[in-house]
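*Asks:* no sequence on hand, only this structure:
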């Protein structure tokens with residue numbers, strides 16, 4: 001059995017929002033067991049919003065959370081770093097409506113978490129263990145979860161561009177694998193779309209310093225961090241978006257041509273299909289063993 005974790009001490013950074021272009025200060029603060037990940041807006045009186053699927057408030061080129069008057073945009077890169085480093089409980093405090101983009105990856109957030117240190121709490125961690133397949137299709141986009149003994153991700157992308165006709169990668173997502181192989185992968189976009197995005201009030205803080213920009217014939221930046229950095233970043237995105245189920249996942253996530261709309265809709269669907277998974281304290285238990293335990297618990301409850 002593993003226990004829940006939070007940060008050992010608060011830590012702060014500053015940057016700009018990718019879409020808003022506004023300066024923002026972000027602080028990560030320790031939080032108690034079972035409090036989860038919460039985003040707090042210090043500029044509007046400390047109102048907060050939990051990082052859960054029911055509070056998804058927008059999926060236009062990034063994932064936003066909202067509740068009442070509180071809205072926080074572009075949460076996915078930070079969420080991916082938090083859950084991949086095993087942080088169950090934390091307060092993310094911002095003085096602006098958007099998480100800073102930093103360099104367009106999760107690597108700066110990994111650094112912040114490591115600098116803050118990690119504190120073990122006494123409460124047990126509960127994992128969402130997949131018992132049967134779930135899937136969602138939106139046009140030519142699809143995503144599914146299958147039973148597995150570990151959290152694995154298979155992602156494939158296809159774009160009408162010579163650099164991105166097809167990329168695919170399968171990885172078991174451990175803390176070390178995320179830090180080394182996924183966290184440094186940066187967000188990307190097409191030069192021909194930039195002006196359109198800005199006309200719609202998006203990508204106002206985007207630059208060659210915080211995104212891979214793809215022209216007609218190649219990348220405008222100095223170079224890629226990985227040959228398949230694009231699909232690695234999509235894996236990063238889906239880890240962050242699926243964090244909205246509220247528990248570490250034990251299952252094989254498979255996605256093709258996905259995006260934030262598909263990811264977040266699927267996170268909500270997973271939570272709704274309650275018979276497809278079980279919350280367990282021992283993620284190493286086999287699917288059959290877990291399913292039998294769930295059935296026995298349900299039978300006992302029914303008899304009661």
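*Replies:* Structure's in. What do you need? Note that the coordinates shown come from a computational prediction; the quantities given were computed from them, not determined experimentally.
*Asks:* show me the strands in the stretch 151-300 of the chain, by range?
*Replies:* Along the stretch 151-300 of the chain, counting by DSSP state E, counting those that start in this stretch, strands occupy 152-157, 167-172, 188-190, 212-214, 249-250, 252-256, 277-280.
*Asks:* which one, of these, ends up nearest to residue 233?
*Replies:* The closest of the strands of the stretch 151-300 of the chain to residue 233 is strand 188-190. By CB to CB, the value is 6.4 Å. To be clear about C-beta, it is placed using only N, CA and C from the backbone, and glycine gets the same treatment.
*Asks:* avg pLDDT for that closest one?
*Replies:* Averaged over strand 188-190, pLDDT sits at 87.
*Asks:* equivalent analysis for stretch 95-107, please.
*Replies:* What stretch 95-107 shows for mean pLDDT is 96.
*Asks:* and if you look at stretch 282-294?
*Replies:* 71.
*Asks:* with stretch 208-226 instead?
*Replies:* Taken as a whole, stretch 208-226 has a mean pLDDT of 86.
*Asks:* so what's the residue nearest the centre of the chain up against?
*Replies:* In the chain, the residue lying closest to the centroid (CA atoms, centre = their mean) is residue 240, at 0.2 Å. Counting by CB atoms under 8 Å, 6 or more residues apart in numbering, residue 240 makes contact with 63, 75-80, 83, 106.
*Asks:* give me the distance between stretch 279-287 and the centre of its chain.
*Replies:* 22 Å (CA atoms, centre = their mean, to the nearest Å).
*Asks:* what of stretch 53-71?
*Replies:* The mean C-alpha position of stretch 53-71 is separated from the chain mean by 13 Å, CA atoms, centre = their mean.
*Asks:* again with stretch 213-221
*Replies:* 26 Å.
*Asks:* what's the span of that stretch, first residue to last?
*Replies:* Chord length of stretch 213-221, first to last residue, is 7 Å (CA to CA, to the nearest Å).
*Asks:* quick one, helices of this structure?
*Replies:* Taking DSSP state H to define them, one finds helices in the chain at 76-84, 107-116, 175-177, 191-199, 229-242, 260-272, 287-303.
*Asks:* between those helices, which gets nearest to residue 27?
*Replies:* Of all those, helix 107-116 sits nearest to residue 27, with 9.6 Å by CB to CB.
*Asks:* so which bits of that closest one are buried?
*Replies:* Neighbour-count burial for helix 107-116, with 16 or more other CB atoms under 10 Å as criterion, is recorded at 107-113, 116.
*Asks:* and residue 238, how many neighbours?
*Replies:* Residue 238 is flanked by 25 other residues according to other CB atoms under 10 Å.
*Asks:* contacting residues around it?
*Replies:* Residue 238 sits next to 143, 153, 155, 253, 255, 258, 263 when contact means CB under 8 Å, 6+ apart.
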